[in-house]
Structures are given as C-alpha cells and as structure tokens.
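>>> sequence unavailable; structure follows:
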C-alpha cells in the first residue's frame, strides 16, 4: 500500500520574507525520478507552484534559500548529505 507523504517547503526570500508551502510528494517513490526532478529544479531560473487555484512563478534570483522537509532519500550527485547547522 502506497503511503501519501506530504512535503513542506519554506522559501526564504532575499528581502527577509518567507512563504511556507505544503504539498503531496510529486515524484512518486522511484529514487532515480526524484533525483532527476531535484536536479532539474536546481538548474531552473524560476519555481512554479500551483496554490489553491493560483499559479505562483517565483524567480530564483529573489530566493535566498529553500528548505524542504523531508529531504528526498535519493539526491543528485554533488549534494552534501548528513550536514547539520552549527551556530
């Protein structure tokens, strides 16, 4: 039986504001597909999100960083794994 996994994303903008989004996992469970989708997102110059009938198109140049929870199990080559924030 497939388990529906919700993903939470926090987009932190250059001006100090943020938007918190939640959505069902989009790529399914295939690790290769998930890694390919993450790589595609990293190479894009904008993020498009459908939110309750509205389309948000966010230019990446306005984004400081994005936090996604839970992290996909399979990530593209070059992503550092197992890190933690140290103050």
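Happy to help now that I have it. Keep in mind that what you see is a predicted model, and the values were worked out from it rather than measured.
>>> helix/strand/coil for residue 10?
For residue 10, the assignment made with DSSP: H, G, I helix; E, B strand; the rest coil gives strand.
>>> and the nearest residue to residue 4 once chain neighbours are set aside, its phi and psi?
Spatial nearest neighbour of residue 4, excluding adjacent residues (C-beta to C-beta, 6 or more residues apart in numbering): residue 24 at 5.9 Å. C-beta coordinates here come from the backbone N, C-alpha and C atoms, glycine included. The phi/psi pair for residue 24 (degrees, to the nearest 10) reads phi -70, psi 150.
>>> number of residues surrounding residue 24?
8 (other C-beta atoms under 10 Å).
>>> give the contact list for it.
By C-beta atoms under 8 Å, 6 or more residues apart in numbering, the contact set of residue 24 is 4, 5, 6, 7.
>>> one more: residue 12?
Contacts of residue 12 by C-beta under 8 Å, 6+ apart are 18, 63, 64, 65, 66, 67.
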